[in-house]
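# using only what follows, build the 3D model:
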Amino acid sequence: MLSPSAIYRNMPWVLLLVSVISAVLLGFFILRVIRLVRQAYITSVPLVEQQDIQFDSAGRVVLCTEGPRFITRFSNLTYELGTRDGARIEGKTVWLGRVSSGVSKVRLAVESYEIPRPGRYVLRIHGLGPGWIADTEHLVVFMKPYLARSIGYVVGVALSAVLLIGSTILFLIRLTEGGAGA
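Sure thing, here's the model as predicted:
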């Protein structure tokens, strides 16, 4: 059985091992979040008054707006999704809109729809105003919902980051005390 002094003597190596394991876990969770977001992506289209959207499967989809940071272009727009024969699909407002942001772009979840069957649908956007010209800066993005699945990965990122930082700091403190095998 290990005595307290033996544990204390070997603590830097235990802390180093914990740091390495937590770094691996941190990388794993970050990659899983990135992969989850990529897999949730369905399609993106330019911001225009009306266009056809192809959905390859039935189920819930989330309409997101994507554009440059600090713009208000999307603020007064309303969205309508329907079938090609004119039947409207009721959208539900996403009250706790997820925000995904990069260096220059922000994606905000706006509405969710239940797609009854695969096929072509018509997206109408109201409020663009006369003379609006579509560009590559302002997009409408459809995604599969991923918030519930991403929560576990985000918690994993946070916990493994805390463990990595804490164990690394304790390792360095213990190492500078001269306790590395002494």
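# would you check how far apart the residue lying closest to Asn76 once chain neighbours are set aside and Ser112 are?
Nearest residue to Asn76, sequence neighbours excluded (C-beta to C-beta, 6 or more residues apart in numbering): Gly127, at 4.8 Å. Backbone N, C-alpha and C define where each C-beta goes, glycine included. Gly127 sits 19 Å away from Ser112, taking C-beta to C-beta, to the nearest Å as the criterion.
# cool, Ala87 as well?
Separation of Ala87 from Ser112 (C-beta to C-beta) stands at 18 Å.
# can you check Ser57 too?
15 Å.
# more neighbours: Ala87 and Ser112, which one.
Ranked by neighbour count (other C-beta atoms under 10 Å), Ala87 and Ser112 place Ser112 first, with 15 against 9.
# I'd say the more buried one and Val94 touch.
Yes - between Ser112 and Val94 there is a contact under C-beta atoms under 8 Å: 5.8 Å.
# so what sits against both of the two?
Val62 (C-beta atoms under 8 Å, 6 or more residues apart in numbering).
# off-centre distance for stretch 138-157?
Distance of stretch 138-157 from its chain centroid, counting by C-alpha atoms, centre = their mean, to the nearest Å, is 4 Å.
# buried residues, it. List them.
Buried positions in stretch 138-157, judged by neighbour count with 16 or more other C-beta atoms under 10 Å: His138, Leu139, Val140, Val141, Phe142, Met143, Pro145, Tyr146, Ser150, Tyr153, Gly156, Val157.
# and the residues you listed, which two are the farthest apart?
Pairwise distances among the buried residues of stretch 138-157 were taken by C-beta to C-beta; the largest, 33.7 Å, belongs to His138 and Gly156.
# for Glu80, what are its contacts?
Arg88, Gly91, Leu123, Arg124, Ile125, His126.
# nearest to Tyr41 among these?
Closest to Tyr41, out of all of those and judged by C-beta to C-beta, is Leu123, at 16.3 Å.
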